[in-house]
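K.L.:
After the sequence you'll find the predicted model.
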Amino acid sequence: MQIQHNIALKKYNTFGLDVVAKHFVTINSLEDLLEVLELETYKEKFIIGGGSNMLLTKNINALVMHINIKGITITRETENHVYVKANAGENWHEFVQWTLNHDFGGLENMSLIPGNVGTSPIQNIGAYGVELKDYFVSCQALNLKTLKLETFTKDICNFGYRNSIFKNEVKGQYVITNVVFKLTKNNHKLHTNYGAIQTQLEIMGVNTPTIKEVSKAVIAIRESKLPNPKEIGNSGSFFKNPIISLEEFEKLKENFPKVPSYKVSESQVKVPAGWLIETAGFKGKTFGNYGVHKKQALVLVNYGGAKGEDILNLSKLIQKTIYRIFKISIEAEVNII
Ligand code: EPU
């Protein structure tokens, strides 16, 4: 374990923002983690996993701990299910592929989501009708104050739409070290109701898909509209889809009859922020070296060399414009640092 100084974080965040960490260390094991946390020298710590859900607007004047603890193990098996523990530093998509290669079902709809396993519970990642919480059993996290490991079971985690206890009550107080999932070994439950998945499977000529084929369909859909962070810096959906009351929705529909929506409860609907942003005229707009992605308006992009501050200002302009036109507040999904 080696502590480095003045390290560029460009390759550690998917937006590709060129900020500097005053101190930097890669954590390869639980022992490394404990050793670093016991150091008196560095009071301020900043944790980075896959760096896929953050907008870095300034240099980090702290010790950046890059969590790189690897390892996947089967912890328990029953006739129909398997419990798989993945360490925090595993790349999410590679982990999903590992489960599919073992014919373990559950995570296939979440193929190709950027980021690492350890940060996946923080915002309860999700895609195409499936959320992490649907297959999550528990996670282990190190309490930064007591330096003791604690287990967070699903009910404690308070999962919601792109939300959990780790974004609220215990924000910044823990480092997640591993996550346990309960997956199916047979009779896999497929989630193919999502329109785009159906269409993609038809294109692929698949009638009775396997979990691997569902994954392939998801990968094809994502690749067709979400930019690959290795080519264009981005952080996936920049905003959450706003949830509004049925009453507000009815009013909105009077002026915008085509507004799409998903029912959340008897009294609430979710409106796609991507539609609001596109309707407000931002889709595909570029401002020099950053802008709004041309195929998916929910994604802000860094074409190379942009500053986090610029992207933050663009996001504020979008929020203000959306409010002015639709009277709806949209909230950032990414963490702004
Ligand atoms: N839409 C537009 N214009 C756009 C984009 C979207 O009009 O530019 C409208 C369309 O009507 C479309 C609807 O929005 O039917 C929904 O779009 P899409 O299915 O692409 O999903 P999304 O709501 O934009 C969410 C997640 C994604 C996830 C997809 C698929 C959020 C904030 N985003 O996006 O998650 O992959 O559904 O399930 O909930 C992420 O969190 O980083 C992410 C990519």
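P.N.:
Sure thing, it's come through.

K.L.:
What residues sit buried inside the longest helix along the chain?
P.N.:
The helix that spans the most residues within the chain, counting by DSSP state H, is helix 308-326. Neighbour-count burial for helix 308-326 flags 308, 310-312, 314-315, 318-319, 322, 326 (criterion: 16 or more other CB atoms under 10 Å). Quick note: C-beta positions are derived from backbone N, CA and C, even for glycine.

K.L.:
got the residues of the stretch 101-250 of the chain near the ligand?
P.N.:
For the stretch 101-250 of the chain, the residues in contact with the ligand (CB under 6 Å from any ligand atom) are 127-128, 236-237, 240-241.

K.L.:
Check the average confidence over the longest helix of the chain, would you?
P.N.:
Confidence over helix 308-326 (mean pLDDT, whole number) is 98.

K.L.:
and that helix, what does it pack onto?
P.N.:
strand 54-55, helix 273-279, strand 290-292, strand 299-302 (3 or more CB pairs under 8 Å, 6 or more residues apart in numbering; DSSP states H and E).

K.L.:
ok, and what's touching it?
P.N.:
Contacts to helix 308-326, defined as CB atoms under 8 Å, 6 or more residues apart in numbering, come from residues 15, 17, 19, 55-58, 238-239, 252, 256, 273, 276-277, 279-280, 282, 287-288, 290-292, 300, 302, 328-330, 332, 336-337.

K.L.:
Quick one: distance of that helix to the chain centre.
P.N.:
21 Å (CA atoms, centre = their mean, to the nearest Å).

K.L.:
Buried ones among the contacts of helix 308-326?
P.N.:
Using 16+ other CB under 10 Å, the buried members of the contacts of helix 308-326 are 15, 17, 19, 55-57, 238-239, 252, 273, 276-277, 279-280, 282, 290-292, 300, 302, 328, 330, 332, 337.

K.L.:
about what we covered before: for the residues of the stretch 101-250 of the chain next to the ligand, name the two members farthest from one another.
P.N.:
Maximum pairwise distance in these, criterion CB to CB, is 16.6 Å, between 128 and 240.

K.L.:
Tell me the buried residues in the host helix or strand of residue 156?
P.N.:
Applying DSSP states H and E as the criterion places residue 156 in helix 154-157. If you call a residue buried by 16+ other CB under 10 Å, then helix 154-157 has these buried ones: 154, 157.

K.L.:
Could you identify the helix or strand that succeeds it?
P.N.:
Next along the chain from helix 154-157, counting by DSSP H and E, comes strand 174-184.

K.L.:
which residues touch that following strand?
P.N.:
Contacts for strand 174-184 (CB under 8 Å, 6+ apart): 30, 33, 47, 65, 67, 69, 75, 80-88, 99, 104-107, 117-122, 135-144, 149-150, 166.

K.L.:
and it, how far from the chain's centre?
P.N.:
Centre-to-centre, strand 174-184 and its host chain are 15 Å apart (CA atoms, centre = their mean).

K.L.:
next one: stretch 255-270
P.N.:
24 Å.

K.L.:
What of stretch 21-38?
P.N.:
23 Å.

K.L.:
average pLDDT across that stretch?
P.N.:
95.
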